[in-house]
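K.L.:
sharing a sequence plus its predicted fold:
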Amino acid sequence: MEAIERFKEICADPKAYARRWKEKTGGKVIGTLCSYAPEELILAGGALGFRIVGGSGSISKADAHLQTYSCSLVRGALDDALNRELDFLDGAIFPHTCDSIQRLSDIWRMNAKTGFHLDVVLPVKLNTTSARDYMTAVMRKARTDLETALGKTITDDNLHQAIGISNGVRSAMQRLYTIRKDRPGAIAGSDVHTIVRASMIMDRNDFLNRLTQVVDTLERQPEPESTDAKRIFLSGGVCNLPDVYGIIESAGGAVVGDDLCTGSRGLAGLVETDGDPMDAIADRYARRAICPAKHAGITSRGDDLVRLVKESRAQGVILLFLKFCDPHAFDYPYLKSMLDAEGIPSLLVELEEQIASQGQFRTRCEAFMEML
């Protein structure tokens with residue numbers, strides 16, 4: 001499919017795409033480190049949001065600023081910045097998430113040459129009235145700070161237009177996820193992952209048009225032949241995800257859902273289109289699926305995981321954790337306990353940005369499929 005091939009081309013060298021976009025449009029490119037970065041505000045400011053998901057290769061310069069037991073997402077991103085791999089950025093936005101990214105923000109501000117620097121200090125607790133009020137205040141400040149950084153007034157009309165595009169992307173992605181859940185043979189897991197990656201890099205208008213073409217085509221296709229592949233749900237915090245999908249599929253599995261950081265977790269939930277746009281944006285970020293660095297109830301993440309696994313009719317869960325990712329590691333014991341209580345088998349795999357031993361990972365997947 002032509003659109004998917006275009007997505008693959010862009011994801012093969014996202015930095016080159018961002019440079020070409022900047023040269024062609026004259027717009028500004030803003031780097032983000034988390035799905036809690038206010039996408040609608042960036043879009044309303046006429047800028048391109050560029051998700052930084054790790055490094056381009058071996059890590060060297062970052063180790064002078066960070067402990068080697070920091071996760072490879074943080075170390076790799078800083079290494080790229082120090083090596084001027086991100087010199088096309090006009091600024092960077094750091095949401096208040098895990099400790100590592102918060103500390104990276106301080107180091108980045110002092111050492112990276114990537115334009116303006118904004119911290120968006122979101123509330124940690126999200127299930128109270130005061131937290132919602134605080135979230136709204138933070139988003140309003142982010143709007144003002146971004147206007148100053150971009151030298152442009154962000155009007156309510158700009159916000160409504162940005163909300164429409166962002167909602168369109170999220171709605172189309174939900175259609176794609178539904179296809180993957182109901183007809184897992186209709187599209188390869190690696191293609192879905194490529195599309196998700198492209199959604200965080202491409203011009204959002206162009207991405208939405210191409211994604212709509214893909215989804216429309218898939219929905220018109222005949223039902224694929226049924227297979228005996230095991231239905232697998234992916235969960236975890238890996239961002240620069242290696243191509244685990246081909247390995248899972250060759251081991252006899254089919255990914256039918258996920259709640260990855262660079263997956264459905266950041267793409268679920270629409271912004272209300274009535275009323276004040278800033279209130280609506282803040283409300284959406286407060287009620288979206290949370291990550292381990294946020295709190296919305298003692299078992300909220302476990303409840304969501306069990307619900308999503310059941311909705312996708314998955315037979316097992318593979319939890320993909322980035323090595324040294326403490327927030328996800330802290331959550332694992334109770335997530336596994338809740339899955340066990342529901343009779344849902346799970347497999348924990350710790351990864352770096354690249355799989356050190358694909359053979360070992362394949363063997364573990366094959367054993368997990370046989371157990372299912």
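P.N.:
Sure thing, it's come through.

K.L.:
quick one: low-confidence parts of the stretch 251-372 of the chain?
P.N.:
Along the stretch 251-372 of the chain, segments meeting pLDDT under 70 span 353-357.

K.L.:
name whatever forms a beta bridge with the closest residue to Met200 other than its chain neighbours.
P.N.:
Counting by Cβ to Cβ, 6 or more residues apart in numbering, Met200 lies nearest to Arg51, which is 3.5 Å off, once chain neighbours are set aside. In short, each C-beta sits where N, CA and C put it, glycine included. Going by DSSP bridges, Arg51 is paired in beta bridges with Thr32.

K.L.:
Arg51 contacts Thr262, doesn't it?
P.N.:
Yes: using Cβ atoms under 8 Å, Arg51 is in contact with Thr262, at 7.3 Å.

K.L.:
now do the shared contacts for these two.
P.N.:
Residues touching both Arg51 and Thr262 by Cβ atoms under 8 Å, 6 or more residues apart in numbering: Ser35, Met200.

K.L.:
got the phi and psi for Val120?
P.N.:
Phi and psi for Val120, reported as degrees, to the nearest 10, are phi -110, psi 100.

K.L.:
now do the same contact list for it.
P.N.:
Val120 neighbours (Cβ under 8 Å, 6+ apart): Tyr36, Ala37, Pro38, Ile93, Phe94, Pro95, His96, Val138, Met139, Ala142.

K.L.:
and Val309, that one's in a helix?
P.N.:
Yes: counting by DSSP: H, G, I helix; E, B strand; the rest coil, Val309 is part of a helix.

K.L.:
now do the same contact list for it.
P.N.:
Contacts of Val309 (Cβ under 8 Å, 6+ apart): Phe233, Gly257, Val317, Leu339, Glu342, Ile344.

K.L.:
contacting residues around the fifth one?
P.N.:
Okay, so that is Glu342. Taking Cβ under 8 Å, 6+ apart, we find Glu342 in contact with Val306, Val309, Lys310.

K.L.:
measure the spatially closest residue to Lys323 that is not a sequence neighbour to Glu5 for me?
P.N.:
Nearest residue to Lys323, sequence neighbours excluded (Cβ to Cβ, 6+ apart): Glu350, at 4.9 Å. Using Cβ to Cβ, to the nearest Å, one gets 32 Å for the distance from Glu350 to Glu5.

K.L.:
neighbour count for these two, which is higher?
P.N.:
Glu350 (15 against 11; other Cβ atoms under 10 Å).

K.L.:
now do the contacts for that one.
P.N.:
For Glu350, the contacting residues are Phe321, Leu322, Lys323, by Cβ under 8 Å, 6+ apart.

K.L.:
who wins for most neighbours among those?
P.N.:
Ranking the contacts of Glu350 using other Cβ under 10 Å puts Leu322 first, with 23 neighbours.

K.L.:
restricting to C-alpha, output the helix or strand Asp216 falls within in CSV.
P.N.:
Following DSSP states H and E, one finds Asp216 within helix 204-220. These are the backbone C-alpha positions of helix 204-220, laid out as CSV (Å, rounded to 0.1, in the frame of the first residue of the first chain):
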residue,chain,number,x,y,z
ARG,A,204,-0.4,16.1,11.0
ASN,A,205,-2.6,17.1,8.1
ASP,A,206,-0.7,15.0,5.6
PHE,A,207,-0.6,12.1,8.1
LEU,A,208,-4.3,12.2,8.7
ASN,A,209,-5.1,12.2,4.9
ARG,A,210,-2.8,9.2,4.3
LEU,A,211,-4.0,7.3,7.4
THR,A,212,-7.6,7.8,6.3
GLN,A,213,-6.7,6.2,2.9
VAL,A,214,-5.1,3.2,4.7
VAL,A,215,-8.1,2.7,7.0
ASP,A,216,-10.7,3.1,4.3
THR,A,217,-8.8,0.5,2.1
LEU,A,218,-8.5,-2.0,5.0
GLU,A,219,-12.2,-1.6,5.9
ARG,A,220,-13.1,-2.5,2.3
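
K.L.:
that helix: what's the following helix or strand?
P.N.:
Following helix 204-220 in sequence, per DSSP H and E, is strand 230-236.

K.L.:
what packs against that following strand?
P.N.:
Contact partners of strand 230-236 among helices and strands, from 3 or more Cβ pairs under 8 Å, 6 or more residues apart in numbering; DSSP states H and E: strand 253-260, helix 300-311, strand 316-322.

K.L.:
tell me the mean pLDDT over it?
P.N.:
Predicted confidence along strand 230-236 averages 95 (mean pLDDT).

K.L.:
send the alpha carbons of that strand over as PDB?
P.N.:
C-alpha atoms of strand 230-236 as PDB (Å, rounded to 0.1, in the frame of the first residue of the first chain):
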ATOM      1  CA  LYS A 230      -2.300 -16.700  19.500                       C
ATOM      2  CA  ARG A 231      -3.900 -13.300  20.200                       C
ATOM      3  CA  ILE A 232      -1.300 -11.100  22.000                       C
ATOM      4  CA  PHE A 233      -1.600  -7.800  23.900                       C
ATOM      5  CA  LEU A 234       1.500  -5.600  24.300                       C
ATOM      6  CA  SER A 235       1.900  -3.500  27.400                       C
ATOM      7  CA  GLY A 236       4.800  -1.400  28.700                       C
END
